[in-house]
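> just a sequence and a predicted model for now, questions to come.
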Amino acid sequence: MEDKRKTVSQSKVEMTELVLPNDTNMLGNLLGGRLMHWIDIAAALAAARHTNNVCVTAAVDNLSFHKPVRLGDIVLLKASVNRAFITSLEVGVKVEVEDIHTGEVSHSNSAYLTFVSIHPVTRKPIEVSEVIPESEEEIKRYSDALKRREQRIKEQKGKDKN
């Protein structure tokens, strides 16, 4: 029988974007919505690599803005699957910013997104392959993803009662 499990490295995606005038607000800073768009694309590609299927965004748990991203900066988005559940998976995205003039790279944002794998014909959720974390960091992210999932479920149950 074929082993359908995949390592985290098999889902990794790295995207590079240049912040252009059309991507910025009147202060010359990257629009938050444009960054969210790039994050969603990077995460969706990682989910698709893991599942070999189209995945749809189900939730964005956390998106933290640590520092502004400016016109002319290079944005590096690094996405990978943290953990797979039954039909869903959590993808983490780390955003780094490179100053084109100095070459300095700094952490700008982090996000956790949940995706659901969708059958191309029935459009119903389908099972996803298990993730095999290999490094210490991947094992920590794998463990933390379960905690975040449990928190999401707890919060949803609280909302359903209201």
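Right, received. Where do you want to start?

> low pLDDT regions in this structure?
Residues of the chain that meet the criterion pLDDT under 70 lie in 1-3, 162.

> break down it into its strands, ranges please.
Counting by DSSP state E, the chain has strands at residues 6-7, 13-18, 55-65, 74-84, 88-98, 105-117, 131-132.

> skipping its backbone neighbours, what lies nearest S106 in space?
Nearest non-adjacent residue to S106, counting by CB to CB, 6 or more residues apart in numbering: V97, 5.7 Å away. Glycine gets a C-beta too; all of them are placed from N, C-alpha and C.

> what do you get for L45?
V13 (4.5 Å).

> can you count the residues close to R148?
Around R148 there are 17 other residues, counting by other CB atoms under 10 Å.

> go on, E130?
Neighbours of E130 under the rule other CB under 10 Å: 14.

> tally of neighbours for the closest residue to it other than its chain neighbours?
Using CB to CB, 6+ apart and skipping the chain neighbours, the partner closest in space to E130 is R5 (4.4 Å). The number of residues packed near R5 is 11, by other CB under 10 Å.

> cool, the one 3 residues further on as well?
Using other CB under 10 Å, V8 is surrounded by 23 other residues.

> residue contacts, it?
If you count contacts by CB atoms under 8 Å, 6 or more residues apart in numbering, V8 has them with S80, V81, N82, V131, I132, P133, E134, S135, E138, R141.

> buried residues in the helix ranked longest in the chain, which are they?
For the chain, the helix with the greatest residue count under DSSP state H is helix 136-161. By 16 or more other CB atoms under 10 Å, the buried positions in helix 136-161 come out as E138, R141, Y142, A145, R148, R149, R152.

> tell me the phi and psi of the residue nearest to E130?
phi -70, psi 150 (degrees, to the nearest 10).

> what about stretch 149-162, distance to the chain center?
Offset of stretch 149-162 from its chain centre (CA atoms, centre = their mean, to the nearest Å): 21 Å.

> okay if I get the buried residues of helix 136-161 as JSON lines plus distance to T51?
Compiled in JSON lines, those are given as follows (distance: CB to CB, whole Å):
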{"residue": "E138", "distance to T51": "18"}
{"residue": "R141", "distance to T51": "18"}
{"residue": "Y142", "distance to T51": "17"}
{"residue": "A145", "distance to T51": "16"}
{"residue": "R148", "distance to T51": "19"}
{"residue": "R149", "distance to T51": "17"}
{"residue": "R152", "distance to T51": "20"}
